Every structure is written in C-alpha cells, then in structure tokens.
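Peer 1: what shape does this take:
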Amino acid sequence: MPLGDSITDGVGSPAPGGGYRVQLFHDAVQAGKALTFVGSATDPNGPTTLDGKMFPRNHEGHPGYTIDDSATTSGISPLVDSSIAANHPQIILLMIGTNDVNRNIDVANAPARLGALLDRMIKDAPNALLVVAKITPWMDDGANATVVQTYNNAIAGVVQTRAASGKHVVAVDMFAAFTANPNYQTALMSDFLHPNGAGYVVMGDVWFAAIHSYLPAAP
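Peer 2: Coordinates of the predicted model:
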C-alpha cells in the first residue's frame, strides 16, 4: 500500500503518471518478484502495462493531505482503518509530513502525530511491514537545513522506538537519496516540493531496496 500525499499520488511525474510506483513495479518485475499495489484511489494513474505485465494503479496517495486532520487540511490518519481493513496490505510504504511542514501546521508536534499514525497502523495490521520514509528535500536549502531535516531527524527516533519493541517498522532515507546528487534541484525536482520523473525513479529504487527481500517470487 503506497500511503501518503501528492508525492505518493505521483504529482510531477510524466504522463501517464504513477510516480515512484512505476519504477518500483519495474524493479520488482526485473527481479522476478511478485508485487501489486492496493488502496482506495482508483483513478487512472500510471501506465496500463509495464514490462509486459498489467500495471496495478491502486494506491493511497492523497494530494494536499497532512498526517492528521487540521483546521485547514485533511489527514491520512482517518483513512487508514478502513483502507487496511479493505485491502489487507502486507507492506505499507509511508511518506507523509511534507504538507505539515510546508504549511507550518503545528510542526513541533508532527513527529508525535506520525507516531500515533504508526501505532494506529500497527494495531490495524500487526503483521504488515511498515516502511517509513524521511521526506524528500525542497528547492530551498535554508528550509532543508532547518525545518525539513528537523522533522526527518525525528522520524528516525519515532521508527526506532517502535522497532525496538518488536514492531515491524523500518525507515528509509529519501532525503539522502536525493541530496546524494549535488544537482538534485534541477535533475530530480519538477517544482518546489515534487520530484520529476528522474526523482521518482530514485524513490522507486529506494523503496525496492527496502522491501525486495520480503517479496515472493513471481509465479
């Protein structure tokens, strides 16, 4: 279950869309692994076929959403109970918080809201693997060094606390994957917040590296 905001939806990826899910699916097919995507979003988002296989277009990416509801935004937290119950995901790929930080929505407590979201998903799907990503950088070095990385650094602790208690939660660092390219702002970004096609390839590869050992062989 790809879960998150507009970056999970794939905003900024070239037509026909699909964001990081295209590269992730490609990586799985090339490695001989079975992978499908689940979620309540069923709009045409992504190719019809990829590498000779039907491309699964479902996901749980919601543009503009924050971690939880606020006075000005909708959150993904209220969606997870029904979506997990309906879709029974075995792996959940979560990247959320970009809109909390960018819109300055109680940023100091964003890590606590993320922790509550993880606890909710762990209760709903105790056997699922939760992969939690640090958010991708923005086209603002000052903001990256302060608010973005402050939130990202807190994610590590949120994840580690739950992993240490035996929960199936791991973290991946999308920020580092992007900033490893010194020209990421022009090479990997389509606008201030969203990756471009090349950026989504980077994301797909990072997700695949985190989950490939958990995927079954393709039939």
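
Peer 1: just the terminal-to-terminal distance for stretch 56-68.
Peer 2: Length of stretch 56-68, first residue to last, Cα to Cα, to the nearest Å: 27 Å.

Peer 1: isn't Asn21 up against His59?
Peer 2: Check again: residue 21 is Arg, not Asn. Yes. Contact criterion Cβ atoms under 8 Å: Arg21 and His59 qualify, at 6.4 Å. In this view, the C-beta of every residue, glycine as well, is placed from N, C-alpha and C.

Peer 1: which one of the two has more residues nearby?
Peer 2: More crowded of Arg21 and His59, by other Cβ atoms under 10 Å: Arg21, with 31 against 27.

Peer 1: quick one, what contacts Thr8?
Peer 2: Thr8 makes contact with Pro2, Gly19, Tyr20, His59, Glu60, Gly61, His62, Leu93, Met95 under the criterion Cβ atoms under 8 Å, 6 or more residues apart in numbering.

Peer 1: host element of the fifth one?
Peer 2: Meaning Glu60. Element membership of Glu60 [criterion: DSSP states H and E] is strand 60-61.

Peer 1: which other residues reach that strand?
Peer 2: With Cβ under 8 Å, 6+ apart as the test, strand 60-61 has contacts from 1-10, 19, 38-41, 76, 79, 83.

Peer 1: how far does that strand sit from its chain's centre?
Peer 2: Relative to its chain's centre, strand 60-61 lies at 9 Å (Cα atoms, centre = their mean, to the nearest Å).

Peer 1: geometric centre of this structure: which residue is closest?
Peer 2: Computing the C-alpha centroid of the chain and ranking residues by Cα atoms, centre = their mean puts Met95 first, at 3.2 Å.

Peer 1: give the contact list for it.
Peer 2: Counting by Cβ under 8 Å, 6+ apart, Met95 makes contact with Leu3, Gly4, Asp5, Ile7, Thr8, Val132, Ala133, Ile135, Thr136, Met174.

Peer 1: before we move on, the earlier item: got any residues that touch both of Arg21 and His59?
Peer 2: Common contacts of Arg21 and His59 (Cβ under 8 Å, 6+ apart): Pro2, Phe37.

Peer 1: on the three-state scheme, the nearest residue to Asn58 once chain neighbours are set aside is what?
Peer 2: Leaving out its chain neighbours, the residue that sits closest to Asn58 by Cβ to Cβ, 6 or more residues apart in numbering is Gly39, at 4.7 Å. At Gly39 the chain is in coil, as set by DSSP: H, G, I helix; E, B strand; the rest coil.

Peer 1: was I right to think Gly39 contacts Gly4?
Peer 2: No. Counting by Cβ under 8 Å, Gly4 is not a contact partner of Gly39; they are 10.3 Å apart.

Peer 1: so for those two, which sits in the more crowded spot?
Peer 2: Legend: neighbour count by other Cβ under 10 Å for Gly39 and Gly4, higher for Gly4 (25 against 22).
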